[in-house]
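Asker: below: sequence and its predicted model.
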Number of protein chains: 2
Amino acid sequence: MKFDVAIPDSFLYGTPSDIDRTFKIFQLARSLSIFRVENIFIFHDKTINPPNDEINFIVTLLEYLDTPQYLRKKIYPKMDVLKYAGKLHPIRSFHHKDKVPLEDIKNGETRIGVLEKKGNMLFVDVGLDALIKYQGKIKQQGKKISVKLIKKNNLLTAVDINRENINEIYWGYKVFHYNFIHEILKQYSKSKIILTSRYSEFFKIDSDFTDNLKNNTDVDNSVLIVFGSPKFGLNEIFNKEKINIANYNSFNFFPYQGTQTVRLEESIFGVLSILNNLLNS
Amino acid sequence: MKFDVAIPDSFLYGTPSDIDRTFKIFQLARSLSIFRVENIFIFHDKTINPPNDEINFIVTLLEYLDTPQYLRKKIYPKMDVLKYAGKLHPIRSFHHKDKVPLEDIKNGETRIGVLEKKGNMLFVDVGLDALIKYQGKIKQQGKKISVKLIKKNNLLTAVDINRENINEIYWGYKVFHYNFIHEILKQYSKSKIILTSRYSEFFKIDSDFTDNLKNNTDVDNSVLIVFGSPKFGLNEIFNKEKINIANYNSFNFFPYQGTQTVRLEESIFGVLSILNNLLNS
């Protein structure tokens, strides 16, 4: 079972310092990567209305952290939001590959690269000692793409490859920003949406709802997990968009919490731990 | 079901900077507090043999973070290990009470305080506008104790109270350091010990082992969860102490992890999330 995650763009509410913000987003990126989240949806929180630079901070840093180390400097030239990002531990996702000698690349290997134009020709920088000739459909210089490396007579060329054909357990997450949570919810059937709230019933591993999830044998099916903001729960957020929250399944995953609050980044890690263990082991 | 946690004293291995160390221990303290861990055992890791100042750093900062804000300055005068601790978010455990006007204290309230001698009399500083007269058995000045506040004719006195009689869901953790992991293991029956290892079978919610845990209705019974070090797993650590690891139940709680490593502080949060949800909801 795969997971997608939706969080409000007020994620950084109450976190004024850049170093704390950076660390909070790092924790989020780790959660997404460890639990193989494919899509992270950030929806506009109309109860708080965070400023645009705060939203950009989240989106840019999340995308930066999902980028292999060897491309980071090229795609993200000195940017202010990345001031503290260099001090973070690496994420070490499977698409964050190491630099290896060109001759060690095997035929069919996949890597993430950036398109570059030299004269009339397109090349991909995949973090090796030479740019690789690109033979694919994308024309947009500077674009981050996944390629398959074809080795023929010891010469490498790069061709397009779709996620479905990449033979790796995980290949990173995509970041989206939506103005309305409704636009995210409508992409999933209600039985595949899980809201999280401290005020809901405890999540139970032996309920009809979880049986239904467990019996769904289609591993490519994704569950959407939705989190509230550091200030307001999903009740208030759904109210503001006039969505009836009673139509959705909502659970508290932290029975008898010993602290007054569970922080949003902690909650995301914990809920993904529980669902990943329940549905994938 | 209650949880105790055992971690190696090499917890900070590979974390050279004080600010990162502080944050790593903060994350640990949050995990312990959210999941109401009563005892955190730190055992000496003979595969790494961390220096004493590193072990002191862990113990001191953990105890500091479990101390109510109002006592921190008194118990921990300017210490080097606490350089960055002031910048951390609060833990907000239930024993971290706010300062309130003396007249708002209700008869029978419990608070954590520090013993102080004035002349021949013993008082407790419980973070209020006045010291409270102490009528109990402990004599040791400077000791951190739990007291019950008795209100009679609008006068407060403090008396001893045991944990069992404190009517709060959680009252903080105790920190212990042991030279041998064996000394910790022998305090628990084997059916109540859970080892964690990436190389073990996936933890399953419907195994005989978990059924056995779930059917144990004695809520005061504690489970001990044991974690390996950032460098060596429990296999190597048990080997070094000549303990046969095959005699214990060991599980991997993170099926199909999408990153090359799950960091120790992440693993602790995730495993406690899973077991707390499974056994308490």
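Answerer: Received the coordinates, thanks. Numbers count the residues shown, from 1 in each chain, chains lettered A, B, ... in the order given.
Asker: which residues touch A:Phe3?
Answerer: By CB atoms under 8 Å, 6 or more residues apart in numbering or on different chains, the contact set of A:Phe3 is A:Phe35, A:Arg36, A:Val37, A:Glu38, A:Ser222, A:Val223, A:Leu224, A:Ile225, A:Leu272, A:Leu275, A:Asn276. C-beta here means a position set from N, CA and C on the backbone, and glycine is covered the same way.
Asker: now A:Ile169
Answerer: A:Ile169 neighbours (CB under 8 Å, 6+ apart): A:Arg36, A:Phe94, B:Tyr256, B:Gly258.
Asker: chain B: which of the contacts of A:Phe3 is nearest?
Answerer: A:Arg36 (3.9 Å; CB to the nearest CB).
Asker: that's a helix at the closest one, yeah?
Answerer: No: using DSSP: H, G, I helix; E, B strand; the rest coil, the assignment for A:Arg36 is coil, not a helix.
Asker: I'd say A:His182 and A:Phe238 touch.
Answerer: No: using CB atoms under 8 Å, A:His182 makes no contact with A:Phe238, being 9.2 Å away.
Asker: if I look at the residue sitting furthest away from the middle of chain A, how far off is chain B?
Answerer: Largest separation from the mean C-alpha position in chain A: A:Asn153, at 37.8 Å (CA atoms, centre = their mean). For A:Asn153, the distance to chain B equals 33 Å [CB to the nearest CB, to the nearest Å].
Asker: so what pLDDT did that residue get?
Answerer: Per-residue confidence (pLDDT) for A:Asn153: 90.
Asker: phi, psi of it?
Answerer: phi 50, psi 40 (degrees, to the nearest 10).
Asker: interface residues of the stretch 1-150 of chain A facing chain B?
Answerer: A:Phe23, A:Arg30, A:Ser33, A:Ile34, A:Phe35, A:Arg36, A:His89, A:Ile91, A:Arg92, A:Ser93, A:Phe94 (CB under 8 Å from any CB of the partner chain).
Asker: output the contacts of A:Ile169 as a markdown table; include the columns distance to B:Asn216, pLDDT and secondary structure.
Answerer: Output for the contacts of A:Ile169, formatted as a markdown table (distance: CB to CB, whole Å; pLDDT from 0 to 100; DSSP: H, G, I helix; E, B strand; the rest coil):
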| residue | distance to B:Asn216 | pLDDT | secondary structure |
| --- | --- | --- | --- |
| A:Arg36 | 33 | 97 | coil |
| A:Phe94 | 39 | 91 | coil |
| B:Tyr256 | 29 | 95 | coil |
| B:Gly258 | 33 | 96 | coil |
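Asker: if any of those are buried, put those into a PyMOL selection.
Answerer: Entered in PyMOL, the line below selects the buried ones among the contacts of A:Ile169, by 16 or more other CB atoms under 10 Å in any protein chain shown:
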select buried, (chain A and resi 36+94) or (chain B and resi 258)
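Asker: now for the contacts of A:Ile169, which pair is the farthest apart?
Answerer: Using CB to CB, the two most remote members of those are A:Phe94 and B:Tyr256, lying 10.9 Å apart.
Asker: now the residue farthest from the centre of chain A: how far from A:Lys133?
Answerer: According to CB to CB, to the nearest Å, A:Asn153 and A:Lys133 sit 13 Å apart.
Asker: now the residue positioned nearest the centre of chain A: how far from chain B?
Answerer: In chain A, the residue lying closest to the centroid (CA atoms, centre = their mean) is A:Tyr173, at 3.5 Å. To chain B, A:Tyr173 is 9 Å away according to CB to the nearest CB.
Asker: where does that residue fall, phi/psi-wise?
Answerer: phi -110, psi 160.
Asker: ok, now A:Asn252?
Answerer: Torsion angles, degrees, to the nearest 10, at A:Asn252: phi -100, psi 120.
Asker: tell me the secondary structure for the nearest residue to it once chain neighbours are set aside?
Answerer: Computed as CB to CB, 6 or more residues apart in numbering or on different chains, the closest residue to A:Asn252 that is not its neighbour in sequence is A:Ser200, at 4.9 Å. Following three-state DSSP, the label given to A:Ser200 is strand.
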